[in-house]
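Participant: sharing a sequence plus its predicted fold:
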Amino acid sequence: MKSAKTLHLIQAYLHAQTAKKGMQVFRPASDVRHLDPVICTRFGNVCVPATLVGQCREMLAHITPETRLVLIDEAQFFDPELPAVVQEILFQADVCVAGLDLDFRAKPFGSMPSLLAMADVVHKYAPVCELCGNMARFTQRLTRGKPSRANEPDGVIEGSVADIIYQARCHSCYQAPR
């Protein structure tokens, strides 16, 4: 969250475009922060075209023999089949995945643990704590300005519910949900 994960995906996209590699970019349709079919960074609003998919198996229909690179943004929001779909794609193309490894409770998020285990290379990017400016490691979810409770549902995307926002927090500023 706010650590430049999508920016790094876009960088990979631009490199592949320069090399004239066939590629596909995917984003979960449930991510309603952008109405256009794009992935966008929060830094300067740089965007590249993407295909929105409801179920990750839909990705397979877009993979062609020319596809050499698949980029997947916001992986934590996809259904649990994502690791199996990525495994299938890996027989044909390289795959770069961006997503949060921990949820607002500081617990492993969605399919990310399985994807991390499958990865050849893992880059972890850390944002700046929005309260003190130190390196952040956690995502603080706020409901009506207060830390969310532990029993609230996962996968609520910022902007999809009016009273929920997320902040990057360091270990000192993060307040574990109760």
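Facilitator: Now that the structure is in, tell me what you want to look at.
Participant: which residue lies farthest from the center of the protein?
Facilitator: No residue in the chain sits farther from the centre than residue 65, which is 25.8 Å out by CA atoms, centre = their mean.
Participant: what residues are up against the residue lying closest to it once chain neighbours are set aside?
Facilitator: For residue 65, ignoring the flanking residues on the chain, the nearest one in space by CB to CB, 6 or more residues apart in numbering is residue 92 at 7.8 Å. Just so you know, the C-beta spots here come from the backbone N, C-alpha and C atoms, and that holds for glycine as well. Contacts of residue 92 were listed using CB atoms under 8 Å, 6 or more residues apart in numbering, and they are 63, 65, 67.
Participant: before we move on, what about residue 108?
Facilitator: The neighbourhood of residue 108, defined by CB under 8 Å, 6+ apart, consists of 101, 102.
Participant: which residues does it bridge with?
Facilitator: With DSSP bridges as the criterion, residue 108 is bridged to residue 102.
Participant: distance of it from residue 98?
Facilitator: 16 Å (CB to CB, to the nearest Å).
Participant: all helices of the chain, in order?
Facilitator: In chain order, the chain shows helices spanning 5-18, 82-89, 112-118, with DSSP state H as the criterion.
Participant: deepest of those, which one?
Facilitator: Relative to the other members of the helices of the chain, helix 82-89 carries the highest mean neighbour count by mean count of other CB atoms under 10 Å, namely a mean of 19.
Participant: mean confidence for it?
Facilitator: This predicted structure assigns helix 82-89 an average pLDDT of 97.
Participant: residues in contact with that helix?
Facilitator: For helix 82-89, using CB under 8 Å, 6+ apart, the contacting residues are 56-57, 59-60, 63, 70, 72, 75, 95, 97, 110-111, 114-115, 118.
Participant: ok, residue 64 touching residue 22?
Facilitator: Yes. Using CB atoms under 8 Å, residue 64 is in contact with residue 22, at 6.7 Å.
Participant: residues contacting the spatially most central residue of the chain?
Facilitator: The centre of the chain sits closest to residue 74, judged by CA atoms, centre = their mean, with a distance of 2.2 Å. Listed by CB under 8 Å, 6+ apart, the contact partners of residue 74 are 27, 28, 31, 98, 99.
Participant: just the residues you listed now: which is nearest residue 143?
Facilitator: residue 31 (19.5 Å; CB to CB).
Participant: all set now, cheers.
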